[in-house]
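Enquirer: any chance you can model this:
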Amino acid sequence: MTPGLRFAVALAATICIALPAAASDRLSGRYRPLGDGAAPSGEGGELRVEPIPGGGWRAWFQGQPLELARATPDQMAGLFPGVGESRGLECGLSAMFMLCRVEPGTHFPRDGFQSGSGYFSVLADAGLFELERIDGAEGDGTGR
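Expert: Take a look at the predicted model:
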């Protein structure tokens, strides 16, 4: 194998490894609550979520950092029966807070909830709340 071909193969392998990792993080960003009776969020009504090394996220929730672990498919199926990975469901969770991304328009039959924006949070003591992503991420529906 020539040095040029070796370099091309190594570059392609690097790209193939990096792309799925970047594509799988659809939760990092900035959010604000939507609608009447919106859930409390971070300072100034904003929730900020950042990836952390080794997986998961850090959410700045009510001014405090809160680590969110990636929910497994089994955990999501138990929490949201009938709504799964086919609807793009991805969640980060802690004992008191959960942030999720799903295809906009997804209906959650058990909870009587339909996500218009594709982003929502669940507070252990308050229920499910719609969020709007405000950092203009691709495909977030904000058009920014």
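Enquirer: sec struct for the most centrally placed residue in the chain, please.
Expert: Central residue of the chain (C-alpha atoms, centre = their mean): residue 27, 2.7 Å from the mean position. Using DSSP: H, G, I helix; E, B strand; the rest coil, the structure places residue 27 in coil.
Enquirer: test my guess that it contacts residue 57.
Expert: Yes: assessed by C-beta atoms under 8 Å, residue 27 is found in contact with residue 57 at 5.8 Å. Backbone N, C-alpha and C define where each C-beta goes, glycine included.
Enquirer: mutual contacts of the two, please.
Expert: Residues touching both residue 27 and residue 57 (C-beta atoms under 8 Å, 6 or more residues apart in numbering): 49, 68, 92, 99.
Enquirer: buried subset of the residues you listed as a ChimeraX selection?
Expert: ChimeraX command restricting the shared contacts of residue 27 and residue 57 to the buried ones, with burial defined by 16 or more other C-beta atoms under 10 Å:
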select :49,68,92,99
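Enquirer: just the shared contacts of residue 27 and residue 57 now: which is nearest residue 122?
Expert: Ranked by distance to residue 122 (C-beta to C-beta), these are led by residue 99 at 8.1 Å.
Enquirer: for that closest one, name its beta-bridge partners.
Expert: Counting by DSSP bridges, residue 99 forms beta bridges with residue 92, residue 121.
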